[in-house]
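1. What shape does this take:
(chains A, B and C)
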Amino acid sequence: MDKGNSTLTLKRTAGTFRPLALTPSEDLKGYILAHLGRAVLFLIACTSVIAIFLIFLFVIRESVGFLQTESLWGYLSKTGWYPQAEPAKFGSVAIIAGSLYVTAASLAFAVPIGILAAAFLSDIVSFRIRAVVKPVIELLAAIPSVAYGFFAVLILAPFLQKKFGFPTGTNALNASIILAVMALPTIISVAEDSISALGRELREASYSLGATRMETMFKVVIPAAHSGIIAAVVLGMMRAIGETMVVWMASGNAAQIPHPWWDISQSVRTMTATIAGEMGETPKDTSHYYALFMMGVLLLVLTFSLNIVSEYFLSRAKKATGRA
Amino acid sequence: MKLAGRMILDKTFTTLTALSVLLLSVILLVVLGPMIYRGSGAVIFRGTVEFRKMQMGLFERGDAEALDAEIAQAQEVRDAVYRQIDEFRQGIDTEELNEKARKIHREFGGELRSNGITGDEYSELRSLTKDIRDKLEEASESQDKALIRRNIEDVLEHQDDDRLKGTLAAGFFPLAANFSKAVENADLAKLSQYTEAIEQVEDILRQLFGPKPGEPTPALARMRYGATRCDQAQILLGKLLWIEKWVQTEPGKPLEKIKTPRSEQFAGTPLESLPGFVEKNLAKMLRPRLTFYWQYFIDDSYNSHYFGGVGPEILGTLLITVLGMLFAIPLGLVSAAYLVECASDNLAVKIIRMCINSLAGVPSIVFGLFGLAFFVLYLLPTFGLPSQGCILAASLTLAILTLPVMIRASEEAIRSVPQTYKEASLALGASRFRTFVTVTLPAALPGILTGIILSLSRIAGETAPILFTGAVALGPVPKSVFQPTRTLSYGSYDMAVGDRVAMMVPHNQYGMVVTLVVLILLLNGMAIMLRGRVFKKLQGR
Amino acid sequence: MTPYSATQQGAEQLTSLPRIIARRQEQAGAHDKTPRPRPQAIVNSEGFSLYYGDKAGVKDITMDIYPRSVTAIIGPSGCGKSTFLRSINRMNDLIPHVRAEGRLAVNGQDVYDKRVNLVNLRQEVGMVFQKPNPFPKSIFDNVAYGPKLQGVKNKSELQQIVEESLKAAVLWEEVRDDLKKSALAFSGGQQQRLCIARALATKPQILLMDEPCSALDPVATGRIEDLIGQLKAKYTIVIVTHNMQQAARVSDMAAFFCLGELIEYDTTSKIFSNPSKKATEDYVTGRFG
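-> Below you'll find the predicted structure:
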């Protein structure tokens, strides 16, 4: 047992205990500090709450003036957007449709590719290749939207115009392609998380019954992960609908509903682009100014509800994998 | 066979998934490749003597003596071009007229002598015709229409002079009348055709070599210098060599570009060889040299980005993002610390979490609207400050925008610190606050740093929130945070669609956006590397 | 899972259990020959219960722990051994919704009293955890962490404390030249002794050890056990262990916990050779676990 250096030279504070009970003043000080500190921390943690409250408050406050001169119903049901005309017309249907149009088109590109890529990353590829592909996706997500817009205007638009003979290169197709690229990283990462969270047991069960990888993916894994995939799509949708610079630069900014509806080579205009393009030249406290803030309210409400939808599906996905 | 079909389907599926990922990589390459390639041209290119002249003139950069010597050498070759043009211009169709006038004057002297006119009258008439001849000559050689008209009128005044009637000297008058007619009508067309062609050539040469020696210095900086870059010079040379015309070959078809050599325009004239001469001697006239213009990143720009760099834009971007992060980091860190360390799962925390998620989903343009309505139109006037977009408003807006990113990243980093560290510290008698500051925070720091860098890179690229809150396309370098600033992001937008001048300088157009992209990619690369190191460290190095 | 399979000890040690017990009995017998008054208890638990929400972690524990001795707490998994141990220095506070009943006193002060000085309590009651958990800092900073908390700023004083603590934990010879090296670069056994040194540096009276050897190999375990034997001269040690042999080897007193209750508490030799409860006997002889 003895190792030679067992001399315990540690000086003890006279073998007595340090006082284990607090003196009343220490107690009071600790109580106040603890509660004060907690209160301060809580207040700071509430910044986000205050911020979201202020955002709603101020954007709505600036838009209320619109209702004094114009009707909300007209705003939401008419198509003509002529803010400079006499009398000015504020019909936002074409613009809202434009937003939805490019969003839907971009999702049509992004969702299949995104799910395939998520399946590739989660089920098919080795860890090493994953380590290479992941940064690619991260870089795609990191490129700022204005750079994508720049690409759309100066490189993609001339290409589309030349290659397909479109009257203009800045159109719904251009904007949708770029939006798809921007939504892809979101879709892939959320979908991949939910697919790989399912665990090996499920897949092994399917493989052991003689199913191929594709059958396992489509008949077992993706149905089981559908909540997470829906959340991924909704989050991608939010990204696309809220994107400003790309659609402003690439969509052509014509406030019209494409006719025929499937002609994606026509120019459209989105809500975000309308705000971005017109707010700079609009004097404060005019109908036009209020109308643009009203559009902001619409966007806010739209994304807020989409957010709730995505959270619902995300929590469902979490529960589903928790059970599995 | 059924099984074979299933296997084929399976293989197809695997291939498709691989293709989708391949597509992503291709997209990344296609987006970044051309942009970076063309943008790098803003910094690395073949710069001409005009570039060095511009650097000296606008930024007082370079060796003045060497530059002067270089300019003199180039000017020597350029002068040959200018001389050729000048001679031609003077010579357009006036030789014949002058010869006739001289002949009349010469023969008129003989006629007078044969008519026996001598003495004072002889010399008087001689000087009169000499005067007429000189006036005609002057008119024919002149490019000034007013002078021509005046001289011709002077000449025609003598039409009624009895002494000249019926003599050879009367031949002056139809000559003068014809020239005046020619100048005003038929001949002018031809003359102006050449003149126009020469003007085009001179315009191109002015773009190539800057204003001619002796011409007044233009007010616009971009007119003061010729082609500063070799690629620009090549384009201008192409314009000099070829005339481009857009022609509609068939109705309903898009216009087609047709090129004809410019030398055809000058067929038969001494100028026919001029474009070839310029092409051959371009290097001597411009003296291109490989240039690494690193000052691009610190220089201010002239003539809306025609010359100069992106210094103020970089400065503005850094100011806004760093100031924004100064607000976002403490708020985000404390929020995250509260959510991890203090909060139980009660209603307040649920609400906080919901708000963070909602905040993350708010479109960036709505942040712009909010920044305009709250900071610019409400808060700044409340504090007695001018209600205009400014750096402070922009950075506050961006701080709120990035708050969710900051909170999530910090929360994850703090959560990933092993509970055992905390336990060990608490067991040694550290308070919770002390434990957090001395143990948890240092252990979470790399993760938090990664989050900070990612937030930084995100807000450095944001454009929509600062559109109305503090970004301008052109303007002076800000002196305080209460002034608006130029930024890389807004500058990229403006140069892509807003700025007509920028269209002429694609290298600067691309240079701006590439500076932004490279800045952000560098930040992201840093974050990825940092995360890799954290990952290794967590695995026990 | 039997308690034996949970140990990382070799099978031959299984056979040595009776021998260890025999030796302990001899020692106990020697004590009995010269009966001495029981020393004042340093930890005193009376009807102490701890609840996580509605679930009881430990129920109605009444036992005294005596100074300058090694007290082992044994029992099957999930029986509340660790919960009781961590109650002594209030480490259970980290878990939400914890509620205590009854009395658990250290040196006469109820630790679940509202007015307890947690800082002093935890410095008086040091703790060593199941897995070695050095901070990702240097050896020196790890050991100096506690003294720095107490306000020791003087560099030479810190140096002295670090050296003493490392010597006390029998680690000094191995690391004296590597004090600036990261603690994570050392082996598990060294890390665990570092954690002991770190706990000793705050100069505690009591040392709580929560299965300190469960993550270590037999050689490292042996060294820690030796160390415990040395430390007992100065400190009161409470050790939770899964390992029967270990409890038999190192402890003076042993408490058997089962399902959150204290089944039996007595001298180690009594518990291992002649337990009064059937459950205890079944457990120490390996009939259940």
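
2. so what's whatever residue of the stretch 1-150 of chain A ends up closest to chain B closest to, chain neighbours aside?
-> Closest to chain B within the stretch 1-150 of chain A is residue A:144: 2.4 Å, counting by C-beta to the nearest C-beta. Heads up, the C-betas are built off the backbone N, CA and C, glycines and all. Nearest in space to residue A:144, with sequence neighbours left out and distances taken as C-beta to C-beta, 6 or more residues apart in numbering or on different chains, is residue B:461 at 2.4 Å.

3. same check, this time on residue B:518
-> Per C-beta to C-beta, 6+ apart, closest to residue B:518 is residue B:36, 7.3 Å.

4. now swap in residue B:135 and tell me
-> residue B:151 (4.3 Å).

5. Check which helices and strands the helix or strand hosting the one you found sits against.
-> Per DSSP states H and E, residue B:151 falls inside helix B:145-157. Judged by 3 or more C-beta pairs under 8 Å, 6 or more residues apart in numbering or on different chains; DSSP states H and E, the packing partners of helix B:145-157 are helix B:119-141, helix B:172-184.

6. between those, which has the poorest average model confidence?
-> For those, mean pLDDT drops lowest on helix B:172-184, to a mean of 68.

7. which is the next helix or strand following that one?
-> helix B:186-209.

8. Could you tell me which residues of the stretch 401-541 of chain B lie near chain A?
-> Counting by C-beta under 8 Å from any C-beta of the partner chain, the residues of the stretch 401-541 of chain B lying close to chain A are B:403-404, B:407, B:433, B:457-458, B:460-464, B:467-468, B:489-490, B:492-493, B:496-497, B:509-510, B:513, B:516-517, B:520-521, B:524, B:528.

9. check contacts around the closest residue to residue B:334 other than its chain neighbours.
-> Leaving aside its sequence neighbours, residue B:334 sits nearest to residue A:44 (C-beta to C-beta, 6+ apart; 4.3 Å). Counting by C-beta atoms under 8 Å, 6 or more residues apart in numbering or on different chains, residue A:44 touches B:330-331, B:334-335, B:338.

10. The closest residue to chain C within the stretch 1-150 of chain A: how many residues sit nearby?
-> Closest contact between the stretch 1-150 of chain A and chain C, by C-beta to the nearest C-beta, is at residue A:20 (3.8 Å). Counted with other C-beta atoms under 10 Å in any protein chain shown, the neighbours of residue A:20 add up to 21.

11. Pairing-wise in the sheet, spell out the partners of the residue in chain C that chain A sits nearest to.
-> Per C-beta to the nearest C-beta, residue C:109 is where chain C lies closest to chain A, at 3.8 Å. As for beta bridges, residue C:109 partners with residue C:106 under DSSP bridges.

12. my guess is the residue nearest to residue B:135 meets residue B:132, correct?
-> No: using C-beta atoms under 8 Å, residue B:151 is not in contact with residue B:132; the gap is 9.3 Å.

13. who's more crowded, these two?
-> Neighbours per residue, other C-beta under 10 Å: of residue B:151 and residue B:132, the larger number sits with residue B:132, 26 against 23.

14. That one contacts residue B:159, correct?
-> No: here residue B:132 does not reach residue B:159: they are 10.5 Å apart, not a contact under C-beta under 8 Å.

15. can you count the residues close to residue A:65?
-> Other residues close to residue A:65 by other C-beta under 10 Å number 18.

16. what's the answer for residue C:66, then?
-> Neighbour number of residue C:66 under other C-beta under 10 Å is 15.

17. How confident was the prediction at it?
-> 87.

18. List the buried residues in stretch B:465-483.
-> B:465-473, B:478, B:481-483 (16 or more other C-beta atoms under 10 Å in any protein chain shown).

19. end to end, how far does it reach?
-> Terminal residues of stretch B:465-483 are spaced 16 Å apart (C-alpha to C-alpha, to the nearest Å).

20. got it, and stretch B:370-377?
-> Stretch B:370-377: ends 10 Å apart by C-alpha to C-alpha.

21. now swap in stretch B:243-263 and tell me
-> The first-to-last residue distance of stretch B:243-263 comes to 9 Å (C-alpha to C-alpha).

22. Pull out the buried positions in it.
-> B:243, B:262-263.

23. Among the residues you listed, which has the minimum pLDDT value?
-> Among those, residue B:263 has the weakest pLDDT, 76.

24. That residue against residue B:277, yeah?
-> No: judged on C-beta under 8 Å, residue B:263 makes no contact with residue B:277 at a distance of 10.4 Å.

25. and the residue nearest to residue A:91 when sequence neighbours are not counted, what is it in contact with?
-> Nearest residue to residue A:91, sequence neighbours excluded (C-beta to C-beta, 6+ apart): residue A:78, at 2.8 Å. Going by C-beta under 8 Å, 6+ apart, residue A:78 touches A:89-93.
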